[in-house]
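In: Below is the sequence, then the predicted model.
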Amino acid sequence: MKRKLLALCLVLCLMPVLSAQAEDGFIRQRTYAGEFSDLTPDSRFYDNVAALYEYGLASGKADGTFGLEDPVTLGQAIIFAGRIRGLYRTGDAETALACRQETEPIALAYLRYLQEEGVLELELEDYGSLYQPAARAQVAHVLANILPEKVLPRVHDELVTQAYASRRFITDVNEYTPYYQDILELYRRGVSMGSTGTGAFRPSEPVTRGAAAAMLTRMVEPALRVQPQWDLSALYSAQGLTLSDLVEPGKPVLSPTTREELDEAVRYMLSRNSSQLVLYYPGIDDSRARQLMDQVLSVIKTYCEQGYNTVYCTHTAGIVTLSFSAAGAGKRTEEFRAAAMEAAIAVHDRLWEEGILRPGMTELEKARVYYDWICANCVYDYQAGAESISHVPYSLFANGSAVCDGYTGAYNLFLKLEGIACTAQANDSHIWTVATLDGVLCHIDATWGDSGSAGSDSYFAMTPQQSWSYHRW
C-alpha cells in the first residue's frame with residue numbers, strides 16, 4: 001500500500017497550498033514560464049495546463065513533464081476536487097489533510113473531506129480502485145458538485161436541456177449512463193462541451209491529464225469556460241406544421257347548448273382541418289339558426305389565426321350545416337389559409353436561424369420579437385370594407401396591410417407556432433390578443449401598437465386592468 005501511495009504522489013505532484021483567495025473564489029499566484037517540457041504553445045490544452053500551474057494546483061512530474069496524455073486515476077481526480085473545494089472554502093488546498101490518518105491513502109482523506117462537505121457521494125469497493133484510470137463519467141461525478149452555483153453558474157442550462165432532449169446532441173449519454181446528470185452539469189456550467197460537433201462525451205473512456213486540466217481550470221476561471229457551438233435552429237423549425245396542429249383537439253358535440261360545448265365542437269372541426277360543422281337541433285327555425293350563426297362566429301373569432309370569419313348556414317330536418325370561409329376570399333379561402341401558414345412558418349424559422357429568437361428566451365421575450373416584427377412589416381388598411389381580405393392573417397403576409405382581426409390573427413399564429421397559449425378578445429369594434437406569457441395573463445394589441453416605426457410599449461403585455469382602460473369588452 002505504501003508503494004502505491006508513493007507512486008500516486010509522484011504522478012500527481014500537486015502544490016500544497018494556495019495562499020490567497022479572490023472574492024469569486026480563486027486567483028493566480030505565479031506565471032507559467034515553460035516549466036513543462038511536453039507543453040508548447042501549440043499544445044491542445046496549453047492555456048488550461050498553464051492556468052493549472054499558475055493557480056498553484058499542479059507542478060508536473062518529476063521528469064519535468066506534465067504528462068498530457070497520461071491517464072488520471074480516480075484518486076487523482078478526487079484529490080484535485082478536494083483541493084479546489086478546500087481553496088474555495090478556506091483558501092487552503094490542504095484542508096482535507098488536517099484529519100488524515102497516517103497510513104491511509106491521501107486520496108481517501110480527500111474523499112472523506114468531500115463527503116463530509118456533502119458534495120460527493122462515492123462508495124469505493126476497495127482502495128485499489130483509487131489507482132485505476134478514471135472514466136470520464138466518474139470524473140464528472142467527482143467534479144459536478146464541488147462548487148456552488150454562485151461560483152460556477154449554469155450558464156448554458158437552457159441550451160443543454162434543449163439540445164439533450166432533442167436526442168441530436170450528447171448522443172452517447174442517456175438516462176442509463178452512469179452519472180449522466182453529473183455529465184450534463186458539466187455542459188451546463190461551461191466545464192465541458194464534448195469532443196465532437198454534436199457534443200459527444202465518451203463517458204466510459206479514461207481521462208487524460210490534459211483533459212482533466214481543461215475541466216479543472218474551467219471550474220475556477222470563468223474566462224476559460226466553454227460554450228457548446230451547437231446550431232439548434234433546426235430543432236425549432238415549424239416546417240410541416242398545419243393550422244390544424246395549432247388547435248387543442250376538441251370533442252364532437254352533436255347539439256351544443258353552452259359556449260363551452262360550442263367551443264369544443266369548433267375545436268373538433270378545426271383540429272380535423274375541416275371547414276364545416278354539422279350539428280343537430282330538432283325543430284330549428286331560421287331565427288334560431290341566425291342566433292346559432294352569431295354564437296359560432298363569436299367562438300371562431302377567438303381562433304382568428306385560422307383565417308375564418310364568415311359562416312354560411314343551411315338546415316333541414318334539424319340537421320344544421322355551418323360552412324366557414326374568409327370574407328373576400330370565397331373559394332380561395334383554403335388557398336389563403338395555407339399561404340398565411342406557410343408565410344408565418346418562414347418568418348418563424350428565419351428569426352430562429354438569424355438568432356433573433358434563441359434558446360433560453362422567455363415567452364415574454366419571444367412575444368415581443370413577433371410584436372415588433374408585425375409592427376415593422378404591416379400598415380393599417382384604412383380603406384378596408386366588410387368584405388376585405390384585410391380581415392384575415394393572409395393579407396398581413398401577402399400585402400403588408402391588415403385591420404385589427406388580420407393583425408391579431410397573424411400575431412396569434414406566431415405565438416402558437418412557439419407553443420404559447422393565446423386567444424383573441426373582442427368588443428363591438430376591435431379585437432386583440434390575450435396570451436399567457438411565463439404564467440402571467442397579458443393583453444397585447446398589435447394593431448394599436450403599430451403606431452410608429454417600432455411597436456409601442458403601451459400596448460404590449462398589458463395587464464387586464466390596463467387593457468380595460470384602453471378598450472372595454
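Out: Good, I have the coordinates. Numbers count the residues shown, from 1 in each chain.
In: which strands and helices sit next to whatever helix or strand Q181 lives in?
Out: Q181 is located in helix 180-188, with elements delineated by DSSP states H and E. If contacts are counted by 3 or more CB pairs under 8 Å, 6 or more residues apart in numbering; DSSP states H and E, helix 180-188 sits against helix 136-143, helix 157-165. All C-beta atoms are positioned from the backbone trio N, CA, C, and that covers glycine.
In: Can you tell me which of those helices has the worst average pLDDT?
Out: For the helices and strands packed on helix 180-188, mean pLDDT drops lowest on helix 157-165, to a mean of 90.
In: Which secondary structure elements does it sit against?
Out: helix 180-188.
In: Next, count neighbours for Y371.
Out: 26 (other CB atoms under 10 Å).
In: and it, backbone torsions?
Out: Y371 adopts backbone torsions of phi -60, psi -50, taken as degrees, to the nearest 10.
In: so it makes contact with I444?
Out: Yes: Y371 is in contact with I444 according to CB atoms under 8 Å; the separation is 6.4 Å.
In: list the residues that contact both of those two?
Out: Y411, F460 (CB atoms under 8 Å, 6 or more residues apart in numbering).
In: hey, which of the helices and strands packed on helix 180-188 is tucked in deepest?
Out: Across those, the average number of neighbours (mean count of other CB atoms under 10 Å) peaks for helix 136-143, which reaches a mean of 26.
In: which residues touch it?
Out: Defining contact as CB under 8 Å, 6+ apart, one finds that helix 136-143 is touched by 72, 74, 77-78, 81, 114, 120, 122, 134, 177-180, 182-183, 185-186, 191-192, 201-207, 211-212, 215-216, 219.
In: Which ChimeraX command selects the buried ones in the residues you listed?
Out: With 16 or more other CB atoms under 10 Å as the criterion, this ChimeraX line picks the buried residues out of those:
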select :72,74,77,78,81,114,120,134,177,179,180,182,183,185,186,191,192,201,202,203,206,207,211,212,215,216,219
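In: Filter the contacts of helix 136-143 down to the ones in helices?
Out: Counting by DSSP state H, those place 74, 77-78, 81, 114, 180, 182-183, 185-186, 211-212, 215-216, 219 in helices.
In: Closest to T90 out of the residues you listed?
Out: Checking the ones in helices among the contacts of helix 136-143 against T90 by CB to CB gives L114 as the nearest, at 13.7 Å.
In: didn't the closest one look like it was pressed against I78?
Out: Yes: here L114 reaches I78: they are 7.0 Å apart, a contact under CB under 8 Å.
In: Which residues are in contact with each of these two?
Out: Listed as contacting both L114 and I78 by CB under 8 Å, 6+ apart are L120, V142.
In: For the longest helix along the chain, list the C-alpha coordinates in PDB.
Out: Counting residues, the longest helix found in the chain (DSSP H) is helix 333-353. The C-alpha coordinates for helix 333-353 follow below in PDB (Å, rounded to 0.1, in the frame of the first residue of the first chain):
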ATOM      1  CA  THR A 333     -60.200  30.600 -48.600                       C
ATOM      2  CA  GLU A 334     -58.200  27.400 -48.100                       C
ATOM      3  CA  GLU A 335     -55.500  28.700 -50.500                       C
ATOM      4  CA  PHE A 336     -55.200  31.900 -48.500                       C
ATOM      5  CA  ARG A 337     -55.100  30.000 -45.200                       C
ATOM      6  CA  ALA A 338     -52.300  27.700 -46.400                       C
ATOM      7  CA  ALA A 339     -50.400  30.700 -47.800                       C
ATOM      8  CA  ALA A 340     -50.700  32.500 -44.400                       C
ATOM      9  CA  MET A 341     -49.400  29.400 -42.600                       C
ATOM     10  CA  GLU A 342     -46.500  29.000 -45.000                       C
ATOM     11  CA  ALA A 343     -45.500  32.600 -44.700                       C
ATOM     12  CA  ALA A 344     -45.700  32.600 -40.900                       C
ATOM     13  CA  ILE A 345     -43.500  29.500 -40.700                       C
ATOM     14  CA  ALA A 346     -41.000  31.100 -43.000                       C
ATOM     15  CA  VAL A 347     -40.800  34.100 -40.700                       C
ATOM     16  CA  HIS A 348     -40.600  31.900 -37.600                       C
ATOM     17  CA  ASP A 349     -37.800  29.800 -39.000                       C
ATOM     18  CA  ARG A 350     -35.800  32.800 -40.200                       C
ATOM     19  CA  LEU A 351     -36.000  34.500 -36.800                       C
ATOM     20  CA  TRP A 352     -34.500  31.400 -35.300                       C
ATOM     21  CA  GLU A 353     -31.900  31.000 -38.000                       C
END
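In: average pLDDT for that helix?
Out: For helix 333-353, the mean per-residue pLDDT is 97.
In: so how far is that helix from its chain's centroid?
Out: 23 Å (CA atoms, centre = their mean, to the nearest Å).
In: now swap in stretch 220-236 and tell me
Out: For stretch 220-236, the distance to the chain centre is 12 Å (CA atoms, centre = their mean).
In: Then stretch 414-425?
Out: Distance, centroid of stretch 414-425 to centroid of chain: 18 Å (CA atoms, centre = their mean).
In: circling back to that earlier point, right, so of the helices and strands packed on helix 180-188, which gets closest to N412?
Out: Among these, the nearest to N412 by CB to CB is helix 157-165 (24.1 Å).
In: show me where this protein has strands.
Out: 276-280, 310-316, 319-325, 379-380, 401-402, 422-426, 431-437, 440-444 (DSSP state E).
In: returning to that earlier point: let me see the residues that make contact with the longest helix of the chain.
Out: Helix 333-353 is contacted from outside by 233, 236-239, 241-243, 275, 306-308, 324-326, 329, 357-358, 369, 373, 389, 392-394, 396-398, 409-410, 413-414, 417-418, using CB under 8 Å, 6+ apart.
In: Mind doing that once more with 6 Å?
Out: 233, 236-238, 243, 307, 325-326, 329, 357, 393-394, 397, 413, 417 (CB atoms under 6 Å, 6 or more residues apart in numbering).
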